[in-house]
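> Below is the sequence, then the predicted model.
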Amino acid sequence: MSETATAAALAPMTAATSDMPDPVTAAESWFGIVVPSAMTIAIPEPLRALLDAGGPVMLILAAMSVFALTIVLIKLWQFARLRNGGAEHIESALNDWQAGRCGEAVGRLAQASNPLTGVVRTAMLGSLHANDPAALREEVERRAQGVLTALRSYLRGLEVIASLSPLLGLLGTVIGMIDAFRALEAAGSQVDPSVLSGGIWVALLTTAAGLSVAIPTVVALNWLERLLEGVTRRLEDQVTRVFTGGLRLDGPIVSAQQPVVAPRIPHAV
């Protein structure tokens with residue numbers, strides 16, 4: 001067979017081989033292997049370049065930031081329910097309770113969907129029946145702890161993300177510095193300063209990302225804890241007002257006791 005015929009026969013195979021992607025080039029980006037292609041397309045190019053440069057640590061930090069944002073949104077929804085779920089009914093019911101209109105007070109709380117109203121209503125209904133005061137307080141405290149535990153949920157996750165993300169960023173920096181110095185060693189006597197400087201900024205990228213995740217998470221965690229403390233104090237005040245609703249601290253004094261004067265002891269002569 002002549003060389004011209006052989007070249008003509010191998011031409012389709014050569015064209016098919018040239019159309020195949022280079023396996024080395026395809027494997028250069030770990031991000032394209034780990035993340036599905038549909039999700040990769042949805043990520044903007046600058047963000048995708050940062051995730052690719054930072055290594056797997058950047059992907060972990062990105063996932064932690066998404067989890068932290070999800071937790072914050074859930075907590076905001078829970079606290080919004082406390083504010084918009086008929087919180088004004090509790091104050092009106094407490095005013096009726098202290099004025100002696102116990103039936104109206106219980107009826108107001110039955111119309112509200114606020115989780116705190118169930119605790120206050122339990123205290124009112126228990127006070128209207130002949131219950132043991134100590135047992136009633138235990139039951140009210142148990143229900144209050146259930147509401148507060150639900151509000152306190154997922155805050156531990158924010159604490160873990162806030163404390164772990166800087167450490168992960170530091171780990172990524174150490175790994176990047178190791179890779180940079182390995183590349184510098186492989187260069188031998190022909191050292192290029194751009195290799196070291198490029199490796200250093202890529203390594204520091206994970207530290208910046210870790211701090212960027214940790215700082216907003218700490219701020220959100222402290223803010224949510226302050227909101228939880230406010231709800232706890234408000235609930236304690238409302239339950240206390242139910243149990244002390246029968247006290248009379250103003251008006252005319254019904255009976256007054258004269259102060260007892262100790263007898264004078266004569267001095268010894």
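Cool, got the structure. Since this is a predicted model, take the numbers as computed values, not measurements.
> all contacts plus neighbour counts: C-alpha atoms, from now on.
Fine.
> how about the helices in the stretch 151-269 of the chain?
155-187, 193-243 (DSSP state H, counting those that start in this stretch).
> for those helices, which one sits closest to residue 126?
helix 193-243 (9.8 Å; Cα to Cα).
> now for that closest one, which elements pack on it?
helix 45-54, helix 56-84, helix 87-98, helix 115-128, helix 133-152, helix 155-187 (3 or more Cα pairs under 8 Å, 6 or more residues apart in numbering; DSSP states H and E).
> can you tell which of those is closest to residue 205?
Going by Cα to Cα, the one of the helices and strands packed on helix 193-243 nearest residue 205 is helix 45-54, 6.3 Å.
> pLDDT (mean, whole number) over the closest one?
Mean pLDDT, computed over helix 45-54, is 63.
> residue ranges with poor pLDDT in the stretch 101-250 of the chain?
187, 189, 191-196, 198, 246-250 (pLDDT under 70).
> in stretch 115-128, what counts as buried?
Buried residues in stretch 115-128, defined by neighbour count with 16 or more other Cα atoms under 10 Å: 115-124, 126-127.
> Adding distance to residue 132 and mean neighbour count, write the helices of the stretch 151-269 of the chain out as CSV.
Converted to CSV, the helices of the stretch 151-269 of the chain look like this (distance: least, Cα to Cα, whole Å; neighbours: other Cα atoms under 10 Å):
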stretch, distance to residue 132, mean neighbour count
helix 155-187, 36, 18
helix 193-243, 13, 17
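> Dump the ones you listed to JSON lines, plus distance to residue 81.
Output for the helices of the stretch 151-269 of the chain, formatted as JSON lines (distance: least, Cα to Cα, whole Å):
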{"stretch": "helix 155-187", "distance to residue 81": "18"}
{"stretch": "helix 193-243", "distance to residue 81": "12"}
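> closest to residue 108 out of those?
helix 193-243 (14.2 Å).
> Please tell me I have it right and residue 124 contacts residue 241.
No - counting by Cα atoms under 8 Å, residue 124 sits too far from residue 241 to count as a contact (10.0 Å).
> Nearest residue to residue 95 in space, please, no chain neighbours.
residue 105 (7.9 Å; Cα to Cα, 6 or more residues apart in numbering).
> my guess is that neighbour meets residue 97, correct?
Yes - between residue 105 and residue 97 there is a contact at 5.6 Å, judged by Cα under 8 Å.
> just to revisit the earlier point, of the buried residues of stretch 115-128, which is the nearest to residue 212?
Nearest member of those to residue 212, counting by Cα to Cα, is residue 115, at 34.9 Å.
> distance of the closest one from residue 123?
Between residue 115 and residue 123 the distance is 14 Å, computed by Cα to Cα, to the nearest Å.
> just residue 78 next, same as before
Separation of residue 78 from residue 123 (Cα to Cα): 23 Å.
> re earlier: which strand or helix spans the residue nearest to residue 95?
helix 102-110 (DSSP states H and E).
> Reformat the helices and strands packed on helix 193-243 into JSON lines and put distance to residue 208 next to each item.
Shown next, in JSON lines, are those (distance: least, Cα to Cα, whole Å):
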{"stretch": "helix 45-54", "distance to residue 208": "10"}
{"stretch": "helix 56-84", "distance to residue 208": "10"}
{"stretch": "helix 87-98", "distance to residue 208": "42"}
{"stretch": "helix 115-128", "distance to residue 208": "41"}
{"stretch": "helix 133-152", "distance to residue 208": "29"}
{"stretch": "helix 155-187", "distance to residue 208": "7"}
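> which stretch among those comes nearest residue 215?
helix 155-187 (7.2 Å).
> okay, the angle between the closest one and helix 193-243?
Going by axes from the mean of the first three to the mean of the last three Cα atoms, to 10 degrees, helix 155-187 is angled at 170 degrees with respect to helix 193-243.
> picking that back up, which among the helices of the stretch 151-269 of the chain is found nearest to residue 138?
Nearest of those (Cα to Cα): helix 193-243, 12.1 Å.
> Stretch 94-108 spans what distance, first to last residue?
End-to-end for stretch 94-108, by Cα to Cα: 10 Å.
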